[in-house]
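Student: Got a sequence here, can you build the structure:
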Amino acid sequence: ELAVLRGRDGRFNFQSPSGKAKAKKAAAGSGPAISARDIKVSDVSIRFEDRAMGGEPLITQVEELELSVEKWLPGKTTPVKVSGQLAGGRASLDGSVGPIAGDRFPVDLQALLDDLDIAAIAPYLEHYAGLKADKGRLQLNSRVRGEKQTEVSLKGRLALEDGRVQLEGRRSEERRVGKE
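Tutor: Numbering: from 1, shown residues only. The predicted structure is shown next:
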């Protein structure tokens, strides 16, 4: 099992506290030049602990993770494919990430979620989108783009089955939505 941690400061345990200095050093060509091609990881479990949301840490478990990285070079954009079991459903990301530098974490990904238990991501929906959700199954097909963890855009299709969501300041509505 792999442990991934996002600290209270929003940094992941694989980001250095001085990311800007390391990025400048890598760009200047000092130190060893490390690159990798065709990285593949199969059937891995990840425990994600998120302390950046305030309050008690949020724990998310990903099972049967598949990861593919075509080419990784420090300071460059990296093509990635990730899929796995998440919150009772299936999730996948396909696109590019990086380069990571300081508080920048650029992403351009196609995100697919199939039959995800919305309660598992409810704190994120409330924090980032102002939506309160306590039940339902989520379907998502969206392009995710952004450079900072707090500045991400999604454009695509979203469906909620047997769910209940509430926009901040509005009365809760329960709707039954059939699958397409």
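Student: Let me see the ranges of the strands in this structure.
Tutor: 2-6, 36-50, 58-72, 78-86, 89-97, 107-117, 131-148, 151-167, 173-175 (DSSP state E).
Student: Keeping just the C-alphas, turn the third one into PDB.
Tutor: By that I understand strand 58-72. C-alpha atoms of strand 58-72 as PDB (Å, rounded to 0.1, in the frame of the first residue of the first chain):
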ATOM      1  CA  LEU A  58     -10.000  13.000   5.000                       C
ATOM      2  CA  ILE A  59      -9.000   9.500   4.100                       C
ATOM      3  CA  THR A  60      -9.600   8.100   0.600                       C
ATOM      4  CA  GLN A  61      -8.700   4.500  -0.500                       C
ATOM      5  CA  VAL A  62      -7.900   3.700  -4.100                       C
ATOM      6  CA  GLU A  63      -7.700   0.000  -5.100                       C
ATOM      7  CA  GLU A  64      -6.600  -1.700  -8.200                       C
ATOM      8  CA  LEU A  65      -4.700   1.300  -9.300                       C
ATOM      9  CA  GLU A  66      -3.100   1.200 -12.800                       C
ATOM     10  CA  LEU A  67      -0.600   4.000 -13.700                       C
ATOM     11  CA  SER A  68       1.200   4.600 -17.000                       C
ATOM     12  CA  VAL A  69       3.700   7.300 -17.700                       C
ATOM     13  CA  GLU A  70       5.100   7.600 -21.200                       C
ATOM     14  CA  LYS A  71       8.000   9.800 -20.600                       C
ATOM     15  CA  TRP A  72       9.100  11.700 -17.500                       C
END
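Student: list the contacts for the closest residue to residue 43 other than its chain neighbours?
Tutor: Of all residues beyond its chain neighbours, the one nearest residue 43 is residue 64 (5.8 Å), with distances taken as CB to CB, 6 or more residues apart in numbering. The way it works is simple: take the backbone N, C-alpha and C, and place the C-beta from them, glycine included. Residues in contact with residue 64 (CB atoms under 8 Å, 6 or more residues apart in numbering) are 43, 45, 84, 85.
Student: Make sure the second one is actually in contact with residue 66.
Tutor: This points to residue 45. No: using CB atoms under 8 Å, residue 45 is not in contact with residue 66; the gap is 12.0 Å.
Student: So in terms of bridging, what pairs with the residue positioned nearest the centre of the chain?
Tutor: When CA atoms, centre = their mean is applied to the chain, the residue found nearest the centroid is residue 93 (8.5 Å). Residue 93 has these beta-bridge partners by DSSP bridges: residue 82, residue 111.
Student: Perfect, I'm done here.
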